[in-house]
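**Student:** I would like to see how this sequence folds:
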Amino acid sequence: NEGFLSRNVRVKLNNDIDCEDLEDLTTIANNSNATFIGVFDGNHKTISNLTMTGVGLFGYVKKDGDDVGTIKDLTLSGLELTGEEGEPVTGGIVAYLYEGAVVSNCTVANSTIACESSAYNPTVAAIAAQMSGAIVTGCVVDNVMVKAETSYYSGSGPEGVAGGVVATAYEGTISSCVVR
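**Tutor:** From the prediction side, this is the model:
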């Protein structure tokens, strides 16, 4: 997970996965030196009851040359995601979506995603917390609570950026997505 690029990796879920009895799960591609540049095909399957502390199911996803980091056709249901202390970005599917990467036809449902941090300006969303030059399309956020709160601003109360599909988009395309 640390220190290498996940390039040309192809993963396809063949079955639904219930994570109810699993512990200590970590974020895939959890830092900028371990970026996911492959294809994760959820195959219209569901990962349910996932409880974890981290920046998201995926940390960093991007495009590099002809290799496009892609997460598609995946549902997360019953996700309980708590952001890491000191890391101000938390996204259900992916924290950082960059440079032509794609998230398509993904759903996050019946979930709670929160980042309570002492860091400046925490950013939280159900699909992608932060994107730049990427594509999010055909995604659904259904019955999800997102919470971004910081103690950085002494005495001024909670401040942060919370979004349904994407919290912060610097460039890119968000299309055909629904929040309900």
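
**Student:** Ranking helices and strands of this protein by mean pLDDT, which lands last?
**Tutor:** Lowest by mean pLDDT, DSSP states H and E among the helices and strands of the chain is strand 6-12, with a mean of 84.

**Student:** what packs against the helix or strand just after it?
**Tutor:** Note on strand 6-12: by DSSP states H and E, the next helix or strand toward the C-terminus is strand 17-18. Where contact means 3 or more Cβ pairs under 8 Å, 6 or more residues apart in numbering; DSSP states H and E, strand 17-18 is packed against strand 36-48. Placement of C-beta: from N, CA and C, glycine included.

**Student:** what inclination does the strand it packs on have with respect to strand 6-12?
**Tutor:** Inter-element angle recorded for strand 36-48 and strand 6-12: 30 degrees (by axes from the mean of the first three to the mean of the last three Cα atoms, to 10 degrees).

**Student:** For strand 36-48, C-alpha coordinates in PDB please.
**Tutor:** Provided in PDB are the C-alpha atoms of strand 36-48 (Å, rounded to 0.1, in the frame of the first residue of the first chain):
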ATOM      1  CA  PHE A  36      -4.000   3.600  -7.800                       C
ATOM      2  CA  ILE A  37      -3.700   3.800 -11.600                       C
ATOM      3  CA  GLY A  38      -5.700   0.600 -12.500                       C
ATOM      4  CA  VAL A  39      -9.300  -0.500 -12.900                       C
ATOM      5  CA  PHE A  40     -11.500  -1.500 -10.000                       C
ATOM      6  CA  ASP A  41     -14.600  -3.000 -11.500                       C
ATOM      7  CA  GLY A  42     -17.300  -3.500  -8.900                       C
ATOM      8  CA  ASN A  43     -19.300  -5.600 -11.400                       C
ATOM      9  CA  HIS A  44     -22.500  -4.200 -10.000                       C
ATOM     10  CA  LYS A  45     -21.700  -5.800  -6.600                       C
ATOM     11  CA  THR A  46     -22.000  -4.400  -3.100                       C
ATOM     12  CA  ILE A  47     -19.500  -4.100  -0.300                       C
ATOM     13  CA  SER A  48     -21.600  -3.800   2.800                       C
END
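
**Student:** can you list contacts of it?
**Tutor:** For strand 36-48, the surrounding residues in contact (Cβ atoms under 8 Å, 6 or more residues apart in numbering) are 5-20, 28-29, 57-64, 67-78, 106.

**Student:** which parts of the helix or strand just after it are buried?
**Tutor:** Sequence-wise, the next helix or strand downstream of strand 36-48 (DSSP H and E) is strand 51-53. By neighbour count on 16 or more other Cβ atoms under 10 Å, the buried set for strand 51-53 is 52, 53.
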